[in-house]
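Visitor: Give me coordinates for this.
(2 chains)
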Amino acid sequence: MDLFKRLEQTVNKQFEHGDLPKWLADPVLEVARSPHLYQDNEYLVELLLQQVDEYDVYAEAGCCKWAYDHEDVARTLRWLKEGK
Amino acid sequence: MPVYLDCNATTPVEPSVAALVTRFTQQDFGNAASPIHDYGMFARAAVEHARNLVGKVVEARPDEVIFTSGATESNNMAILGLIAHAHKTKRRHVITSAIEHKAVLEPVEYLERQGFEVDIIRANSAGRFCVEHLAQVLRPDTLLVSTMHVNNETGVLQPLDEVEQLLTGHDALWHVDAAQGYGKELEQLKSKRINMLALSGHKIFAPKGIGALILRKQDGHFPPLQPLMFGGGQEQGLRAGTLPVQLIAAFGEAAKLALRMHAAREEKCIAFRKKVLALLSTLDVEQNGAERWTLPHSINISLPGIASDQAIRALKNVIAISSTSACTSHTQTPSHVLAAMGRSPAQVESSLRLSWCHMTPEVDWDAVATILHDLHKTKT
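Guide: Down below sits the predicted model:
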């Protein structure tokens, strides 16, 4: 399946069945629905997909960090907007 | 230029993988251990992304992936890293097979010199190590069983599923050298019974200098390894040293492609194999390793009466091939793998390994056939 479609599906899944908040889901959906703007930055879109897929509110809790939290997703969104 | 048919030695780098190396060398060159600014944060994100991708191929969690410089280091870590635990538990019995890569055999020989008891299991003529022999030598106090996944010289898939059955319920640690088969044969390495997996990047279209040791946790704990290097605490304290972000990102991309493109790559390798087998059917050759167990991208043959070096030299303008493992070919040592399979010295000395990939261009097989037929005539 197309990377952007997978991102859209994953955001919807994590919003409806996971802990992804609406304020974070909305800007990710905006990326998923704008392939013309981000198709040249597939690497960061893939990174975003992974972070959304493994989103965990408590990612920073405990001794090790093996999931992604809102800061990770927000940072990747910023990098995408900045065209990093 | 001759067509490169030595992909078991190393593979060409995928263009998208090379692009990431450039990106993380020239533009995003931050240190993953300095996540106090965007350079470091981006490097860390790239490393963790790659860790996830590398683990996914074998269904390992990202925290079970320890990046190393390659499979040789990973194998050394898995074997020599157990020394302290062995002394503590007084379990000093190690088993490996006669067809392992030197990156396993030599650390095991080192253990033997340190007083460990070592059993080397036989291989059969099909090119597979003998699980019955493993069952015979396995003891209650066996510390480690080290077996390979795919043989580097023959391309033969080893019976890991049978080893898994044998070791179920036994508490020996199981290490698998998966340098040659990771990303190519996808099923056997998913076994949760395997405690340690050594991986190589440059066998799956990433650059040289990057690999990983997968350490599967049991009850939340790593296998009882001691690090071989100290100074920095990277990789959960198991492998010190600044992370080569550009190589790690490249390995992650290569792992991603190995999963995503698996079927398409395999199809291309099978189509190529049919042409190789068609050529070989016109010649007096013997295949080393059973065809039914050989992965599609590799074949090892013996040309009776024709020395390997002679054939390689004669073919050098058409195809670039080798006679044995790249890591031992420079020593001119006859193949210990073929010898262990019961091949005669004459067969070993006339062996050739051809290995290709999805990026291999067309070969002028008529030219190859002519050269080999001429060599054959010279011999007779």
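
Visitor: so where's chain A shaky on pLDDT?
Guide: Applying pLDDT under 70 to chain A flags residues A:1, A:57-66.

Visitor: Helices of that one, start to end?
Guide: Taking DSSP state H as the test, the helices found in chain A are A:3-16, A:22-32, A:35-38, A:42-53, A:70-82.

Visitor: List the buried residues in the second one.
Guide: Which is helix A:22-32. Across helix A:22-32, burial judged by 16 or more other Cβ atoms under 10 Å in any protein chain shown covers A:24-25, A:27-29, A:31-32. C-beta coordinates here come from the backbone N, C-alpha and C atoms, glycine included.

Visitor: who touches it?
Guide: Residues from elsewhere that reach helix A:22-32, judged by Cβ atoms under 8 Å, 6 or more residues apart in numbering or on different chains: A:4-5, A:7-8, A:11-12, A:14-15, A:37-38, A:45, A:48, A:52, A:70, A:73-74, A:77, A:80.

Visitor: Ok, the shortest one next?
Guide: Helix A:35-38 is touched from outside by A:2, A:4, A:31, A:44-45, A:80, with contacts defined as Cβ under 8 Å, 6+ apart.

Visitor: repeat that with 6 Å
Guide: The contact list for helix A:35-38, computed with Cβ atoms under 6 Å, 6 or more residues apart in numbering or on different chains, reads A:4, A:31, A:45.

Visitor: Nearest to B:Y182 among those residues?
Guide: Of all the contacts of helix A:35-38, B:Y182 sits closest to A:V45, with 25.9 Å by Cβ to Cβ.

Visitor: The closest one: neighbouring residues, count only.
Guide: 22 (other Cβ atoms under 10 Å in any protein chain shown).

Visitor: ok, it - contacts?
Guide: Neighbouring residues of A:V45 by Cβ under 6 Å, 6+ apart: A:3, A:38.

Visitor: please redo it, this time with the cut-off set to 8 Å
Guide: A:V45 touches A:3-4, A:7, A:31, A:38, A:80, counting by Cβ under 8 Å, 6+ apart.

Visitor: can you check B:G181 too?
Guide: B:149-150, B:157, B:188-189, B:295.

Visitor: quick revisit: of all the helices of chain A, which lies closest to B:N124?
Guide: helix A:42-53 (42.9 Å).

Visitor: Name the nearest residue to A:F15, ignoring sequence neighbours.
Guide: Computed as Cβ to Cβ, 6 or more residues apart in numbering or on different chains, the closest residue to A:F15 that is not its neighbour in sequence is A:A25, at 4.2 Å.

Visitor: ok, which residues in the stretch 201-350 of chain B are in contact with chain A?
Guide: Listed as neighbours of chain A in the stretch 201-350 of chain B under the rule Cβ under 8 Å from any Cβ of the partner chain: B:236, B:256.

Visitor: What is the burial count for residue 11?
Guide: Here I'm looking at chain A. By the criterion of other Cβ under 10 Å, A:V11 has 28 neighbours.

Visitor: oops, I was thinking of chain B
Guide: Neighbours around B:T11, by other Cβ under 10 Å: 26.

Visitor: That one contacts B:P207, doesn't it?
Guide: No. When contacts are counted by Cβ atoms under 8 Å, B:T11 is not listed as touching B:P207 (10.0 Å).

Visitor: can you tell me how far the closest residue to B:G70 other than its chain neighbours sits from B:T72?
Guide: Nearest non-adjacent residue to B:G70, counting by Cβ to Cβ, 6+ apart: B:G211, 3.8 Å away. Distance, B:G211 to B:T72, by Cβ to Cβ, to the nearest Å: 8 Å.

Visitor: Can you check the pLDDT for the closest residue to chain A within the stretch 101-250 of chain B?
Guide: Nearest residue of the stretch 101-250 of chain B to chain A: B:Q236, at 7.7 Å (Cβ to the nearest Cβ). At B:Q236, the model reports a pLDDT of 93.

Visitor: So, low pLDDT: which residues of chain B?
Guide: For chain B, the ranges with pLDDT under 70 are B:325-332, B:380.

Visitor: what about the strands in it?
Guide: Taking DSSP state E as the criterion, chain B carries its strands at B:3-4, B:65-68, B:93-97, B:117-121, B:142-148, B:173-177, B:196-200, B:211-215, B:286-287, B:298-302, B:319-320, B:351-355.

Visitor: Could you provide those strands in JSON lines, with additional columns for mean neighbour count?
Guide: Shown next, in JSON lines, are the strands of chain B (neighbours: other Cβ atoms under 10 Å in any protein chain shown):
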{"stretch": "strand B:3-4", "mean neighbour count": "17"}
{"stretch": "strand B:65-68", "mean neighbour count": "26"}
{"stretch": "strand B:93-97", "mean neighbour count": "24"}
{"stretch": "strand B:117-121", "mean neighbour count": "19"}
{"stretch": "strand B:142-148", "mean neighbour count": "24"}
{"stretch": "strand B:173-177", "mean neighbour count": "28"}
{"stretch": "strand B:196-200", "mean neighbour count": "30"}
{"stretch": "strand B:211-215", "mean neighbour count": "28"}
{"stretch": "strand B:286-287", "mean neighbour count": "14"}
{"stretch": "strand B:298-302", "mean neighbour count": "24"}
{"stretch": "strand B:319-320", "mean neighbour count": "19"}
{"stretch": "strand B:351-355", "mean neighbour count": "26"}
